[in-house]
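J.: Mind looking at a prediction? Sequence and model below.
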Amino acid sequence: MSDEVLVEVDGGIAVITINRPQARNAINGAVARGVVAALDELEDRKDVSVYVLTGAGGNFSAGMDLKGFLSGDFPAVEGRGFGGLVEAPPKKPIIAAVEGYALAGGFELVLSCDIVIASEEAKFGLPEPKRGLVAGAGGVMRLPRRIPYHIAMEIALTGDFYPAARLAELGLVNRVTPPGGALAAAKEFAAKIAANAPLSLLATKRILVESADWSLDEMFAHQSAIMNPVFGSKDAMEGAAAFAEKRAPNWTGE
């Protein structure tokens, strides 16, 4: 991986760290390409079931690197979007572990994740209107799907910062931790997920994501197409056998 994006794999969990602490982890082209390179490798690895995305040095990300933007360094990858993530989130579950600032594009990266763990000192916001810009990396589209419409409008139009506690009240943040505790709590959460069958995780996430666009008439057919191969997998047999034998299952992802 690049110096701007660090990856650590342990116990079925891959921690992906945006490593530009001197710039509050502002996203530039190198970060976007590093995230893509990391995910392209990790998506095919059977020893990884879940990701944790975080930032180095006490901040998640302050958004797009405006200095880089002015010099022509656009922080996106074709087909993957801003930060190498927002237009094509990974198939495996991804948890955001947030300390400090998650602003603008940083907040949009959070909104691309499946679960959010944040320090009580974390601050979230879409301040693009204050800079003559628009939160075009999914923020104004995803936010009203996560929280009530009028509150989404407030956050998007004022450009103000909001604490983790407020977003937890709104259901956007899953857990709030003491300062400095977001990554450890995210790893604990990830370990619970990684203990489950890999194929089940992939199918469950896919159904949760895609079913929002399914009609009532077609939704069970679509679900069956995704779910049925899981029921015929070796891991399904292993799960039943482990339950009957009162032991921990040994998943193979097959």
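T.: That came through fine. Residues are numbered from 1 along each chain as shown.

J.: Could you point out the helix or strand that follows the host helix or strand of Ala184?
T.: Taking DSSP states H and E as the definition, Ala184 sits inside helix 182-194. Beyond helix 182-194 on the C-terminal side, the first helix or strand identified by DSSP H and E is helix 198-210.

J.: Break down the chain into its helices, ranges please.
T.: Across the chain, reading from the start of the chain, the helices by DSSP state H fall at 29-42, 66-70, 105-111, 139-146, 149-158, 164-169, 182-194, 198-210, 219-231, 234-245.

J.: Give me the neighbour count for Lys67.
T.: Here the count is done by other Cβ atoms under 10 Å, and Lys67 has 11 residues near it. Every C-beta, even on glycine, is put in place using the N, C-alpha and C of the backbone.

J.: Would you single out the least confident of the helices of the chain?
T.: Set side by side, these show their lowest mean pLDDT on helix 66-70, which sits at a mean of 83.

J.: returning to that earlier point: what about the helix holding Ala184, distance to the chain center?
T.: In terms of Cα atoms, centre = their mean, to the nearest Å, the centre of helix 182-194 is set 13 Å apart from its chain centre.

J.: helices or strands next to that helix in the packing?
T.: The elements that helix 182-194 packs onto, with contact taken as 3 or more Cβ pairs under 8 Å, 6 or more residues apart in numbering; DSSP states H and E, are strand 13-18, strand 50-55, strand 94-98, strand 115-119, strand 175-177.

J.: picking up where we left off before, so which of the helices of the chain gets nearest Glu99?
T.: Proximity to Glu99, assessed across these by Cβ to Cβ, is greatest for helix 182-194 (5.2 Å).

J.: returning to that earlier point: dump the helices of the chain to TSV, plus distance to Val15.
T.: Below are those laid out as TSV (distance: least, Cβ to Cβ, whole Å):
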stretch	distance to Val15
helix 29-42	10
helix 66-70	25
helix 105-111	15
helix 139-146	23
helix 149-158	28
helix 164-169	20
helix 182-194	7
helix 198-210	17
helix 219-231	27
helix 234-245	25
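
J.: deepest of these, which one?
T.: Looking across the helices of the chain with neighbours counted as mean count of other Cβ atoms under 10 Å, the highest average goes to helix 105-111: a mean of 30.

J.: helices or strands up against that helix?
T.: strand 81-82, strand 94-98, strand 123-125, helix 139-146.

J.: run the last query once more with 7 Å
T.: helix 139-146 (3 or more Cβ pairs under 7 Å, 6 or more residues apart in numbering; DSSP states H and E).

J.: quick one on the thing from earlier: the helices of the chain: which one's closest to Ala56?
T.: Of all the helices of the chain, helix 182-194 sits nearest to Ala56, with 10.2 Å by Cβ to Cβ.

J.: and the angle from the closest one to strand 50-55?
T.: Here helix 182-194 runs at an angle of 170 degrees relative to strand 50-55 (axes from the mean of the first three to the mean of the last three Cα atoms, to 10 degrees).

J.: Please name the residues that touch Phe161.
T.: Listed by Cβ atoms under 7 Å, 6 or more residues apart in numbering, the contact set of Phe161 reads 123-125.

J.: Name the member of the residues you listed that has the highest neighbour count.
T.: The member of these surrounded by the most neighbours (other Cβ under 10 Å) is Phe124, with 25 neighbours in all.

J.: Now do the contacts for that one.
T.: 102, 107, 161-162, 167.

J.: For Ala137, the count of nearby residues, please.
T.: Neighbour count for Ala137, taken as other Cβ under 10 Å: 29.

J.: hang on, isn't it packed against Gly106?
T.: No. With contact defined as Cβ atoms under 7 Å, Ala137 and Gly106 do not form a contacting pair (9.8 Å).

J.: coming back round to it: which one of the helices and strands packed on helix 182-194 is the most hemmed in?
T.: Most buried of the helices and strands packed on helix 182-194 by mean neighbour count (mean count of other Cβ under 10 Å) is strand 94-98; its value is a mean of 28.
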